[in-house]
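[1] this one's sequence-less:
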């Protein structure tokens, strides 16, 4: 007789992890300064925590709920490594500020199961964030080092050697979500303190049309048409063509010309030189010609 046995890992229920540690910022971690911790939302825990989590059958990825019992401030995070000194955990500085923690204070670390994020809304804490060409791409790249988002947290994103703080205004489907392998829609609220500039007409600004002189002389398209009902149209004064320019005579320069002006004389009928009877008047191209060659004698 053959017997077949099936081993089911679910027969060992998952239990919660709950422990207290002394909290320190990453700058207090012995050895080389860990910039990768500052740029994300994950903490460093001691090796004993990993052994405890393994015995409790905690599923991956491991997510935790951090609570400051004194101020009742809460946030969520992932774990980066288990290399901290026993009894200690190391957090990013922005997470220390959110939890209102001082160096060496106690913090409660609990295992957490969070829903997968579908939507999040952020508010930049500085108007300088508007200078970024593609803010969504910058945010997406910065969130790669995060495991969770908690509504109300102010996270830090580094871009072009600058730190941009972002407040998490809203997350769906819950107030705390995991962003590991998710398809999340992102929206931005106006930056903190940003006031949209309204386009109002300044009273001191003069319209260029007001600076134009009143038309004089012939004005095109000025007049009044006939009425369709047969009534008599109103009488209006006919514009008079005024010209202070004297009669133009070809060949005589304009001695009254002013530098920077341009005068069009195409509307004036030039006077024919033949009509000028004054013998003292200038006549163009008059006189006898001379030849440079000596005339050949006639044989």
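    Here it is on my side, so go on. Because the structure is a prediction, the values reported are computed rather than measured.
[2] List the buried residues in the top strand by length along the chain.
    Ordering each strand of the chain by length in residues (DSSP state E) puts strand 162-172 first. Residues 164-168, 171 are the ones in strand 162-172 that count as buried (16 or more other C-beta atoms under 10 Å). Where C-beta positions appear, they are placed from N, C-alpha and C, glycine not excepted.
[3] Then stretch 72-79?
    Buried-residue list, stretch 72-79, by 16+ other C-beta under 10 Å: 73-79.
[4] Just give me the closest of these to residue 87.
    Among the buried residues of stretch 72-79, residue 79 lies closest to residue 87 (C-beta to C-beta), at 16.1 Å.
[5] quick one: strands adjacent to the helix or strand hosting the closest one?
    Assigned by DSSP states H and E, residue 79 belongs to strand 73-81. When pairs are called by DSSP bridges, strand 73-81 turns out to pair with strand 42-44 (parallel), strand 63-68 (antiparallel).
[6] Go through those strands and pick out the most buried.
    Across those, averaging neighbours per residue (mean count of other C-beta atoms under 10 Å) puts strand 42-44 on top, at a mean of 23.
[7] residues in contact with that strand?
    26, 29, 34, 37, 64, 66, 77-84, 89-92, 95, 145-147 (C-beta atoms under 8 Å, 6 or more residues apart in numbering).
[8] ok, which pair from the buried residues of stretch 72-79 is furthest apart?
    73 and 79 (19.5 Å).
[9] Now for this structure, the helix or strand with the poorest mean pLDDT.
    helix 208-211 (a mean of 58; mean pLDDT, DSSP states H and E).
[10] burial measure for residue 113, as a count.
    Residue 113: 11 surrounding residues under other C-beta atoms under 10 Å.
[11] Leaving out chain neighbours, which residue sits closest to it?
    Leaving aside its sequence neighbours, residue 113 sits nearest to residue 63 (C-beta to C-beta, 6 or more residues apart in numbering; 7.0 Å).
[12] can you check residue 169 too?
    That would be residue 121: by C-beta to C-beta, 6+ apart, it lies 4.5 Å from residue 169.
[13] Please name the bridge partners of that neighbour.
    Beta-bridge partners, per DSSP bridges, of residue 121: residue 170, residue 187.
[14] residue contacts, it?
    Per C-beta under 8 Å, 6+ apart, neighbours of residue 121: 168-171, 186-189.
[15] any idea how far residue 112 is from it?
    22 Å (C-beta to C-beta, to the nearest Å).
[16] next one: residue 94
    19 Å.
[17] likewise residue 50?
    Residue 50 is 17 Å from residue 112, by C-beta to C-beta.
[18] List of residues touching the longest strand of the chain?
    Outside strand 162-172, the residues that reach it (C-beta under 8 Å, 6+ apart) are 94, 117-126, 128-129, 138-139, 149-158, 177, 189, 192.
[19] Please identify the buried residues of stretch 77-88?
    For stretch 77-88, using 16+ other C-beta under 10 Å, the buried residues are 77-80, 84-85, 88.
[20] same deal with stretch 38-50?
    For stretch 38-50, by 16+ other C-beta under 10 Å, it's 38-46, 49-50.
[21] now it: mean pLDDT?
    For stretch 38-50, the mean pLDDT works out to 92.
[22] Okay, now that stretch: how far is its last residue from its first?
    22 Å (C-alpha to C-alpha, to the nearest Å).
[23] Same question for stretch 115-133.
    Using C-alpha to C-alpha, the two ends of stretch 115-133 sit 31 Å apart.
[24] now do stretch 122-141
    Note: stretch 122-141 ends 15 Å apart using C-alpha to C-alpha.
[25] For the remainder of this discussion, apply numbering that starts at 49.
    Sure thing, new numbering starts at 49, so read that last one as stretch 170-189.
[26] ok, residues contacting that stretch?
    Identification of contacts with stretch 170-189 by C-beta under 8 Å, 6+ apart yields 202, 205, 207, 210, 212-217, 234-242.
[27] Could you rerun that using 6 Å?
    207, 212-215, 217, 234, 236-237, 239-240, 242 (C-beta atoms under 6 Å, 6 or more residues apart in numbering).
[28] just stretch 68-82 next, same as before
    Contacts of stretch 68-82 (C-beta under 6 Å, 6+ apart): 85-86, 135-139, 141, 144, 149, 151-156.
[29] Inside helices: which ones of those?
    Of the positions in these, 85-86, 141, 144 sit in helices, assigned by DSSP state H.
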